[in-house]
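Student: Coordinates for the following, if possible.
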Amino acid sequence: MFTVFWQDDEGAHQARLGASMTSIGRAPEATLRLADRSVSRRHAVLCEESGQWVLRDLDSQNGLCVEGRAVREHVVRDGDTVVLGDVSLRFVQAVKDSIYLNETANSPTASYQPELSPGSIILPAAAVAGRGGSPSSMPSRGAFASEMAGALGSLTAVAKDLIEADSVERLFDRILSLILEHTPAENVFLLLHEPEINQLVPKAMRSRDGGQPASAISRDIALRVFAQRESILTLDALDDPRFQSESIISQNIRSVMCVPLLTRDSTLGVVFVDSTTRRVALYEHHLHFLTLIGNIAAVAIEQARLRQKVEREHAIRERLTRYQSPNLVERLLAESGPGLALAPMERSVSVLFADIVSFSTRAERMVPSEVALLLNSVFSELVDTIFAHDGTLDKFLGDGIMAVFGAPNDLPDHARRAVSCALAMQRLLAARNARRQDAEPIRLRIGINSGAAVAGDIGSDRRVEYTVIGNTVNVAARLQAFVAQPGDVVIGPATREALGDSPPTEALGPQTLKGIREAVLAFRVLGGASDPGNAAVPPPDQRDADPAARP
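Tutor: Have a look, this model is predicted:
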């Protein structure tokens with residue numbers, strides 16, 4: 001089962017999930033209670049189904065998000081991070097309950113050094129790797145040396161096999177197989193360091209007969225190896241003071257080896273092997289070989305993690321570039337990382353609708369290829385203007401555009417940015433029309449409204465799109481369609497309040513809008529293309545961002 005780690009308004013927590021069904025939410029009766037207002041009272045449930053653990057959303061307000069995508073349910077695997085509202089749950093699974101780090105010791109630190117027995121052999125793991133793994137560097141032990149020479153001769157193939165593993169799970173399986181193939185160890189355990197909890201967590205294990213080992217791992221020896229970056233062999237664990245726990249004695253463990261998983265800059269974890277009979281002993285040449293395998297395995301694990309990270313970031317970057325400017329995408333990824341949440345969440349936003357006036361009539365006189373060419377030309381300039389003001393392109397609406405400011409990136413001044421963008425759009429088209437006086441002018445109607453909206457991935461399992469929904473969006477669409485005149489920028493009352501006195505506006509009075517129950521106060525922003533003062537200079541911080549304002 002899993003141990004889950006999270007941080008909420010009440011601090012950092014961890015809990016071991018042992019039941020076949022775990023309820024998750026803000027309610028006091030939830031099995032896993034998350035103290036955060038973004039989490040619903042009954043947010044999700046974790047159930048065991050056909051040997052898998054499935055996390056299922058219970059129609060919560062902010063849903064579930066995995067690797068930047070909104071999901072209704074998710075099969076939880078070791079190391080997964082699932083976002084519920086503003087809370088990230090990290091799931092860590094111990095391979096088996098009988099695998100434990102049970103002796104008293106501190107968390108991994110560079111100063112941790114338990115007592116060593118006279119029969120122990122200690123090797124600096126980095127020095128062993130530096131020898132290059134030639135047979136001549138191994139102890140000369142006759143048949144043993146010949147055995148190791150054969151094993152080391154295959155190290156190149158071993159390295160290639162490990163580094164090319166197509167998944168972390170397959171990589172772990174191959175590491176265990178190689179160790180059992182080239183050493184007489186009876187049980188093998190692979191533990192990785194989890195930085196968030198500063199613990200060594202068992203990830204994979206196997207006994208020589210293919211089953212699950214019943215033996216225990218010494219916490220002391222694992223921490224010593226991890227902290228000191230050393231490889232350790234004890235020839236008889238029953239005589240070693242480090243292994244005097246009841247579990248080691250009762251299971252008659254004789255020889256033990258433990259080596260670090262070293263990369264150039266860090267220690268990823270340890271490999272721990274043992275034997276339980278005097279007939280099957282572990283010797284120094286086995287320790288050399290296991291140390292080399294550990295170093296190769298560490299590189300392979302780091303490569304596999306890097307591939308997964310690159311794949312996640314590429315997928316998120318690819319999706320975000322559909323809606324955001326490249327610069328903003330990089331900033332979002334740098335600030336939020338691969339865990340950037342695109343799950344539906346309530347946000348404070350400003351929504352902009354822009355529509356080309358009488359485009360359908362114009363299109364009737366044009367061939368389809370000319371229509372597409374004109375729309376592409378106009379939209380390219382308008383989208384650049386949206387991106388320049390840190391807006392998000394929501395969608396194209398035939399001959400119109402919908403944009404949002406304040407999602408997925410928080411913008412405290414989203415209303416001002418939306419209005420500044422709208423005025424820049426109007427100036428851009430006015431300049432375009434002035435350059436093409438022989439062509440029919442292109443004019444926009446623009447409506448903007450500010451307020452709360454649900455922003456995130458919306459759609460079916462087959463297709464989802466990032467968008468915003470809610471009454472704030474509906475009002476903006478109606479202001480554009482029924483109130484704005486050609487060249488106008490019309491805004492709602494919340495946008496007007498956020499602007500203050502700049503830029504100036506003209507009150508249009510209460511407007512009855514289709515599908516909106518109550519009348520909406522509307523305002524026309526002065527400085528649009530329909531206003532005599534349309535040459536107004538944009539705010540200083542927007543001059544560089546406004547294509548129409550450039551010399």
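Student: what's the average pLDDT for the longest helix seen in the chain?
Tutor: Longest helix in the chain, counting residues (DSSP state H): helix 284-320. Mean pLDDT, computed over helix 284-320, is 83.
Student: same deal with stretch 352-364?
Tutor: On average, stretch 352-364 scores 90.
Student: Check stretch 185-196 too.
Tutor: On average, stretch 185-196 scores 87.
Student: what domains does the record give for the chain?
Tutor: Following the TED database, one finds the domains of the chain at 2-93, 121-133+149-308, 337-525.
Student: which residues of the stretch 151-300 of the chain score low on pLDDT?
Tutor: 151-158, 161, 165-166, 197, 214-216, 235-254, 277-280 (pLDDT under 70).
Student: Just the buried positions in stretch 291-311, please.
Tutor: 291-304 (16 or more other C-beta atoms under 10 Å). Just so you know, the C-beta spots here come from the backbone N, C-alpha and C atoms, and that holds for glycine as well.
Student: How far does that stretch sit from its chain's centre?
Tutor: Its chain's average C-alpha position is 19 Å from that of stretch 291-311, according to C-alpha atoms, centre = their mean, to the nearest Å.
Student: rewinding a little: can you pick out the most distant pair from the buried residues of stretch 291-311?
Tutor: Spatially, the most separated pair among the buried residues of stretch 291-311 is Thr291 and Ala304, at 20.4 Å (C-beta to C-beta).
Student: Give the buried residues for the longest strand seen in the chain.
Tutor: Assignment by DSSP state E gives strand 444-459 as the longest strand of the chain. Judged by neighbour count (16+ other C-beta under 10 Å), strand 444-459 contains these buried residues: 444-451, 453-457.
Student: go on, stretch 201-208?
Tutor: Val201, Pro202, Lys203, Ala204, Met205, Arg206, Ser207.
Student: Make sure the second one is indeed in a strand.
Tutor: Yes. Note on Pro202: a strand contains this position according to DSSP: H, G, I helix; E, B strand; the rest coil.
Student: Quick check, it in contact with Val188.
Tutor: No. Assessed by C-beta atoms under 8 Å, Pro202 is found out of contact with Val188, at 11.0 Å.
Student: that older thread, out of the domains of the chain, which is closest to Ile316?
Tutor: Of all the domains of the chain, domain 2-93 sits nearest to Ile316, with 4.4 Å by C-beta to C-beta.
Student: ok, the closest residue to Ala494 other than its chain neighbours to Gly492 distance?
Tutor: Spatial nearest neighbour of Ala494, excluding adjacent residues (C-beta to C-beta, 6 or more residues apart in numbering): Ser450 at 4.2 Å. Look at Ser450 and Gly492: by C-beta to C-beta, to the nearest Å, they are 7 Å apart.
Student: next one: Arg41
Tutor: 32 Å.
Student: Neighbour count: those two, which is higher?
Tutor: Gly492 (27 against 14; other C-beta atoms under 10 Å).
Student: thinking again about what came up before, could you check the angle strand 444-459 makes with the longest helix of the chain?
Tutor: With axes from the mean of the first three to the mean of the last three C-alpha atoms, to 10 degrees as the basis, helix 284-320 and strand 444-459 are set at 150 degrees to each other.
Student: Can you get me the centre-to-centre distance for helix 284-320 and its chain?
Tutor: 18 Å.
Student: picking up where we left off before, which neighbouring elements make contact with the longest strand of the chain?
Tutor: Helices and strands touching strand 444-459, by 3 or more C-beta pairs under 8 Å, 6 or more residues apart in numbering; DSSP states H and E, are strand 69-71, strand 345-356, helix 414-435, strand 464-469, helix 471-478, strand 489-491, helix 493-499.
Student: So which of those is the most surrounded?
Tutor: strand 489-491 (a mean of 32; mean count of other C-beta atoms under 10 Å).
Student: Note down every partner strand of that strand and its orientation.
Tutor: strand 444-459 (parallel), strand 520-525 (antiparallel) (DSSP bridges).
Student: Any chance of TSV for the ones you listed, columns mean pLDDT and distance to Ala431?
Tutor: Shown next, in TSV, are those (pLDDT from 0 to 100; distance: least, C-beta to C-beta, whole Å):
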stretch	mean pLDDT	distance to Ala431
strand 444-459	90	13
strand 520-525	96	18
